[in-house]
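Student: after the sequence you'll find the predicted model.
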Amino acid sequence: KVSEELSTPTSLDHIVFGLFASQDSWPKSKEYIKLWWNSRTMRGCAFLDRLPPDADSHNNTLSLPPLCVSEDTSGFRYTHGAQHRFQIRIARMVLEAVARNHSNVRWYVFGDDSTVFVTENLVKTLSKYDHRQWHYVGANSENLEQNREFGFKMAFLGAGFAISSPLARVLARLIDSCIDRYAHLYGGDARVFACLAELGIGMIHEPGFHQFDIRGNALGLLTAHPVTPLVSIHSLDQIDPLFPGMNTLHALQHFFRAANADPHRVLQQTVCYDRWFSWTISVSWGYAIQVFPNHVYLPDAIKVGSTFRHWRSGNPLAEAYVFNTRELHPDQCARPTIFFFEKISKSKDRTKTTYKGSYLNCTYDDGSPRKLKEIRVHARKMDLTKEQLQAPRRECCNVLPSSSNEVLDIAIRECKEEELIYLHL
């Protein structure tokens, strides 16, 4: 049985989800869940404070999880303000998910009801770890102030976090005592973190999980994704729709057209250079392409563009992040030209994605990337091995010959052993 456990790859069948929700949030958040949930292959619950009036209608859909009512938490101490007592329900999701006694569970994964998971990448990321050991996997905030307040080593619920089955079973037996002991803390995820810390377990940071403690235009953060599969995104009501001219839900549905076609590749950043015009072309596959009208060194091209607003204001730490940022030029016409994902076509193990330029009223000459109407990107479907996950390497790309001045064709490929990504003059 042990050898069979090791030889069988981790799949969605081995994961149980616990999603924190409420009757008030459910009508909106269930639309986000429908983007990624499939009851044929997934198990778990959305834990609500009380069932919505139309709860019976959810039983017949495959695109939503079962609804479970959280147990009564009125007997627990909570000293961080009565309006936040719901945070106890978050901490007890671990106990209540384990208590449902699912069979053959390797991982318990917890998230907010507005956490959007790319489930194939979640499975791929967790497959790096031995589920028989005690593991607590997730990510903290992008924002220094949020980390200072809640914990640099805490896995934030909005980003989602995973607890291996043997650790979850132990934690489920102990969590109630920790909830009482940490009555002064704000968050349910903070109580989980504190209890795991008392067990001697720290968070394994996986940068594919995203809390998204930012507001406004997330382009800069999304186009500088780490070289690792995208696992989750959050704070969707605090950031602008991912694509211009769409509402939040429509934009996410559009994004998943690419994410479902090639989940390992989506948002992976590849940079190549056009020698003729000295352009720097940064491809964030399935989302957007930025074309700088000049040569930008790679370490600068992969910085996060400061397109977004801060989560809070008035505190210097609230305006600082755990990554390097690149300031935007004050003149919009001097910034990179942005091309957003429009469509995808597939042929065997290859894809062609097309990106259309976003219009800005700027004057430009023949050497400007603003003359381009579309960019087409050719790539093979990415299928990451365990070795590639453990030792990731950014891919390379080439600008291909084109028959039109208004179209740019790019091919993404694996880099050669000693290949460097820079402008070859």
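Tutor: Arrived safely. Residues are numbered from 1 along each chain as shown.

Student: could you give the bridge partners of Tyr355?
Tutor: Taking DSSP bridges as the rule, Tyr355 bridges to Phe341, Ile375.

Student: next up, the contacts around it.
Tutor: 288-289, 339-342, 374-377 (Cβ atoms under 8 Å, 6 or more residues apart in numbering). Every C-beta, even on glycine, is put in place using the N, C-alpha and C of the backbone.

Student: from Ala91, how far out is it?
Tutor: Using Cβ to Cβ, to the nearest Å, Tyr355 is found at 43 Å from Ala91.

Student: may I have the phi/psi pair for Val116?
Tutor: Main-chain dihedrals, Val116, degrees, to the nearest 10: phi -110, psi 120.

Student: got a quick PyMOL command for the buried subset of the contacts of Tyr355?
Tutor: The following PyMOL line selects those of the contacts of Tyr355 that are buried, judged by 16 or more other Cβ atoms under 10 Å:
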select buried, resi 288+289+339+340+341+374+375+376+377
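
Student: out of the contacts of Tyr355, who's nearest Val116?
Tutor: Phe341 (16.6 Å; Cβ to Cβ).

Student: that closest one: what's it in contact with?
Tutor: Residues near Phe341 by Cβ under 8 Å, 6+ apart: 243, 254-255, 258, 286-288, 353-355.

Student: show me where pLDDT drops low in the stretch 1-150 of the chain?
Tutor: 1-7, 59-60 (pLDDT under 70).

Student: can you pull the contacts of Val271?
Tutor: Val271 neighbours (Cβ under 8 Å, 6+ apart): 280-283, 298, 301-302, 394, 397, 421.

Student: pretty sure it is in a strand, no?
Tutor: Yes. Checked against DSSP: H, G, I helix; E, B strand; the rest coil, Val271 lies within a strand.

Student: scan this structure for its longest helix.
Tutor: Longest helix in the chain, counting residues (DSSP state H): helix 165-181.

Student: next, the buried residues of that helix.
Tutor: In helix 165-181, the ones that count as buried by 16+ other Cβ under 10 Å are 165, 167-168, 170-172, 175-176, 178-179.

Student: try stretch 58-78
Tutor: So stretch 58-78, judged by 16+ other Cβ under 10 Å, has buried residues 58, 64-65, 67-68, 70, 73, 76, 78.

Student: just the C-alphas of it, formatted as CSV.
Tutor: Extracted in CSV, the C-alpha atoms of stretch 58-78 (Å, rounded to 0.1, in the frame of the first residue of the first chain):
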residue,chain,number,x,y,z
HIS,A,58,-27.2,24.0,-5.7
ASN,A,59,-27.5,20.3,-5.2
ASN,A,60,-28.0,19.7,-8.9
THR,A,61,-25.1,21.6,-10.3
LEU,A,62,-21.6,20.3,-10.9
SER,A,63,-20.0,23.7,-10.9
LEU,A,64,-20.5,24.5,-7.2
PRO,A,65,-19.3,22.6,-4.1
PRO,A,66,-21.8,21.3,-1.5
LEU,A,67,-22.9,24.0,1.1
CYS,A,68,-22.1,23.2,4.7
VAL,A,69,-23.2,25.3,7.7
SER,A,70,-20.3,26.0,10.1
GLU,A,71,-20.8,24.8,13.7
ASP,A,72,-21.7,27.2,16.4
THR,A,73,-18.7,29.3,17.6
SER,A,74,-20.4,31.4,20.3
GLY,A,75,-18.6,29.5,23.1
PHE,A,76,-15.2,30.7,22.0
ARG,A,77,-13.5,33.8,23.3
TYR,A,78,-12.8,36.5,20.7
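
Student: quick revisit: so which of the contacts of Phe341 comes closest to Lys128?
Tutor: The nearest member of the contacts of Phe341 to Lys128, counting by Cβ to Cβ, is Gly286 at 22.7 Å.

Student: show the contacting residues for that closest one.
Tutor: Residues near Gly286 by Cβ under 8 Å, 6+ apart: 255, 258-259, 261-262, 265-267, 341, 344, 353.

Student: ok, now Glu342?
Tutor: By Cβ under 8 Å, 6+ apart, the contact set of Glu342 is 354-356, 374.

Student: got these as a markdown table, with distance to His225 and pLDDT columns?
Tutor: Conversion of the contacts of Glu342 to a markdown table gives the following (distance: Cβ to Cβ, whole Å; pLDDT from 0 to 100):
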| residue | distance to His225 | pLDDT |
| --- | --- | --- |
| Thr354 | 20 | 98 |
| Tyr355 | 16 | 98 |
| Lys356 | 21 | 97 |
| Glu374 | 22 | 96 |
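
Student: nearest to Val192 among these?
Tutor: Tyr355 (40.3 Å).

Student: any idea how far that closest one lies from Asp365?
Tutor: Distance, Tyr355 to Asp365, by Cβ to Cβ: 22 Å.

Student: and the end-to-end length of stretch 282-301?
Tutor: From its first residue to its last, stretch 282-301 covers 7 Å (Cα to Cα, to the nearest Å).

Student: list the buried ones in it?
Tutor: 282-293, 295-296, 301.

Student: quick one: which of these sit in strands?
Tutor: Residues of the buried residues of stretch 282-301 located in strands (DSSP state E): 282-284, 288-292.

Student: nothing else from me, thank you.
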